[in-house]
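**Q** Below are the sequence and a predicted model for it; my questions follow.
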Amino acid sequence: MSWVEVVVALTALASALLSGALFSFSAFVMRSLGRLDVPEGIRAMQRINEDAPRSLLMVPLVVSAVGSVVVVIAPVAGWVAPGSSLSGDGILLVLGGLLGILAFVVTAAANVPRNNALATLDSGDPRAAGEWAAYRASWTRWNHVRVVLALGSAVLLAVALHG
């Protein structure tokens, strides 16, 4: 197995792990937080947002993003050896890598700024309920996008690897 095939495999695995972790938020975590009293829900999400960047979630997030960049460059740079299991799947590699990069971009451009805004929200403020409801709705929509992008990346890279 070439080093590029190892990177593709690790990137596919990281993207699959990432999509699964993010899916749990879309499937039930945000709904459960929304069922708490507003101040409790806000404080719980604020704690989650403090812990997430220091958790093992960062491993698949970073591996998926960095690996995706390498995967996009590999066929263009000629790093895919002729006759390897990847040699005929340059399009799948590029598309899978682009989806992985987009998942990271959505995280950085949509979810993280919302998390930063939530960090400054006083859970006791009279406007907190409206802001919390708006946060949950927009954050969850963008999280759905991240799930689809990361899962799509994992599937395309796995197909390219085993195609």
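**A** Noted; the coordinates are in hand. Residues are numbered from 1 along each chain as shown.
**Q** tell me the mean pLDDT for stretch 110-126?
**A** For stretch 110-126, mean pLDDT is 97.
**Q** what comes up buried for it?
**A** Across stretch 110-126, burial judged by 16 or more other C-beta atoms under 10 Å covers 110, 111, 114, 115, 118, 121, 123. All C-beta spots, glycine's among them, are computed from the backbone N, C-alpha and C.
**Q** Switch the residues you listed over to CSV; also include distance to residue 83 and secondary structure.
**A** As requested, the buried residues of stretch 110-126 are arranged in CSV below (distance: C-beta to C-beta, whole Å; DSSP: H, G, I helix; E, B strand; the rest coil):
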residue, distance to residue 83, secondary structure
110, 41, helix
111, 41, helix
114, 46, helix
115, 46, helix
118, 51, helix
121, 56, coil
123, 60, coil
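**Q** so which of those comes closest to residue 54?
**A** Of all the buried residues of stretch 110-126, residue 54 sits closest to residue 115, with 13.5 Å by C-beta to C-beta.
**Q** wait, doesn't the closest one sit right on residue 49?
**A** Yes. When contacts are counted by C-beta atoms under 8 Å, residue 115 is listed as touching residue 49 (4.4 Å).
**Q** re the thing from before, tell me the one of the buried residues of stretch 110-126 nearest residue 62?
**A** Of all these, the one sitting nearest residue 62 is residue 111; the distance, using C-beta to C-beta, is 15.3 Å.
**Q** Find the nearest non-adjacent residue to the closest one, please.
**A** For residue 111, the nearest residue in space outside its immediate sequence neighbours is residue 142; the separation is 5.4 Å by C-beta to C-beta, 6 or more residues apart in numbering.
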